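Chemist: dropping the sequence and predicted coords here.
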Number of protein chains: 2
Amino acid sequence: MEEKEISQAVISRLPRYFRYLGVLKDEGVERVSSHDLSRIMHLTASQIRQDLNHFGGFGQQGYGYNVENLYDEIGKILGLDKEHNLIIIGAGNLGQALANYMNFERRGFIFRGIFDNNPAIVGTMVRDIEVRPMEEVKAFVENNNIDIAVLTIPKSCAVEIAEQLVSYGIKAIWNFAHVDLNVPEEIQVENVHLLDSLMKLSYNLVSHDKQGA
Amino acid sequence: MEEKEISQAVISRLPRYFRYLGVLKDEGVERVSSHDLSRIMHLTASQIRQDLNHFGGFGQQGYGYNVENLYDEIGKILGLDKEHNLIIIGAGNLGQALANYMNFERRGFIFRGIFDNNPAIVGTMVRDIEVRPMEEVKAFVENNNIDIAVLTIPKSCAVEIAEQLVSYGIKAIWNFAHVDLNVPEEIQVENVHLLDSLMKLSYNLVSHDKQGA
């Protein structure tokens, strides 16, 4: 219950903790202090202790954190102990790239279907999955326990399609369309606005150049 | 000069202002109040005024903001009034998807080259650009005024290749590899950690389910 009150800034750091702890685990490291974590993650030790305290504090004074335990706990908090069924809407280059990215599956995000409204693409194979027409989305969502939809479609149709997906029962949207969606508050949306990210890089590049000049 | 002191949180919002102002401009809207902007962008009006004040405040009391002027000014701040030359390192699915994404070019981000170390891919065409071998990156960067490198390679080689790119003169890296790079502070890095983003969505989905239960 109380987890919901945790700020999105803390949540945003959790996958990074999970990633670093995974590396330590793979290297056979058994325990790690907040000080050591702070060094490799470029955060302060007190920041790390604060972040992890939100989730019950897995550390022990003078011992630090048990790497495997902390890794597993953060994994559970992130919902990685269950499988999530995904569909991709839009079988263009980006949709295909995401469908082919095996790392997602290793973490329990399983691609079940991919859809497009272009007749030239419908029926082609992406990995081992046939691209289906958009008319089949509704039945597919209802019959396959789909909880996450990935939107890799142009912004011109994204808002409308997102609303349809929600009416079919989709609970979460990973949105790559370059527009903000308009869905009820209880629907989880994570935006990946690639052009925004590139513009931020451009800003930092240009403003750094100015400083140096 | 003073622009550099602006927090990354404000910078992160600039592309979004740019996007919304672009829509208003395309709709023929000439001026907009911070109140109207706040309504469509789901920010408070005072937040908007604060953000825009960082850049000299383009608004006038009782008039609001001139849409075209504000759009152009934010574009300049974001460095979109100049062209940036990009190369993509890694011609897999994601590299190809980014190379084919025309929206980047419209904003002045011009893909000049794409590189891979896989002999089966080298020599194939991505859009109208031939995939070159990694051995040619150095000369290409030096001869083509490349300032941004896009990394769409596995994390196992990303840290090393980023260091090489910096030694060749690359000033900014758009990093899609699922690892934090280790480059000098003056090199601008923007990370797009897709798996982290998906995990954040998963967290919000799972913690929302718990609340609802």
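Modeler: Here it is on my side, so go on. All values derive from a computational prediction rather than experimental measurement.
Chemist: pull the longest strand from chain A.
Modeler: Counting by DSSP state E, the longest strand found in chain A is strand A:109-116.
Chemist: avg pLDDT for the next helix or strand after that one?
Modeler: The helix or strand immediately downstream of strand A:109-116 is strand A:125-126, counting by DSSP states H and E. Across strand A:125-126, pLDDT averages out at 95.
Chemist: packing partners of strand A:125-126?
Modeler: Packing partners of strand A:125-126 (3 or more CB pairs under 8 Å, 6 or more residues apart in numbering or on different chains; DSSP states H and E): helix A:93-99. Where you see a C-beta, it was placed from the backbone N, CA and C, and this is true even at glycine.
Chemist: let me know the next secondary structure element after the helix it packs on.
Modeler: From helix A:93-99 onward toward the C-terminus, using DSSP H and E, the following helix or strand is helix A:102-106.
Chemist: where does pLDDT dip in chain A?
Modeler: Low-confidence segments of chain A (pLDDT under 70): A:1-5, A:56-59, A:212-213.
Chemist: which parts of it are strands?
Modeler: Under the criterion DSSP E, chain A carries strands at the ranges A:31-32, A:59-60, A:64-66, A:84-89, A:109-116, A:125-126, A:129-133, A:148-151, A:172-175, A:188-191.
Chemist: just those strands: most buried one?
Modeler: Mean neighbours per residue, mean count of other CB atoms under 10 Å in any protein chain shown, is largest over the strands of chain A for strand A:148-151, with a mean of 26.
Chemist: what does that one contact?
Modeler: With CB atoms under 8 Å, 6 or more residues apart in numbering or on different chains as the test, strand A:148-151 has contacts from A:84-90, A:95, A:98, A:109, A:141, A:158, A:161-162, A:165, A:170-177, A:181, B:201-202, B:205.
Chemist: what do you get for stretch A:152-169?
Modeler: A:88-90, A:92, A:94-95, A:98, A:137-138, A:141-142, A:146, A:149, A:151, A:173, A:175-179, A:181-184, A:187.
Chemist: quick one: contacts of the longest strand of chain A?
Modeler: The contact list for strand A:109-116, computed with CB under 8 Å, 6+ apart, reads A:83-92, A:95-96, A:98-99, A:104-105, A:122, A:126-127, A:129, A:131-134, A:136-137, A:140, A:144, A:146, A:148, B:198, B:202.
Chemist: can you list the domains in chain A?
Modeler: Domain assignment of chain A by automatic domain parsing yields the ranges A:2-77, A:84-196.
Chemist: how far does the longest one sit from its chain's centre?
Modeler: In terms of CA atoms, centre = their mean, to the nearest Å, the centre of domain A:84-196 is found 13 Å from the chain centre.
Chemist: tell me who's in contact with A:G75.
Modeler: A:18, A:81.
Chemist: distance of it from A:R106?
Modeler: For A:G75, the distance to A:R106 (CB to CB, to the nearest Å) stands at 12 Å.
Chemist: and what of A:L94?
Modeler: Distance from A:L94 to A:R106, by CB to CB: 20 Å.
Chemist: more neighbours: which of these two?
Modeler: The neighbour comparison of A:L94 against A:R106 (other CB atoms under 10 Å in any protein chain shown) goes to A:L94, with 24 against 10.
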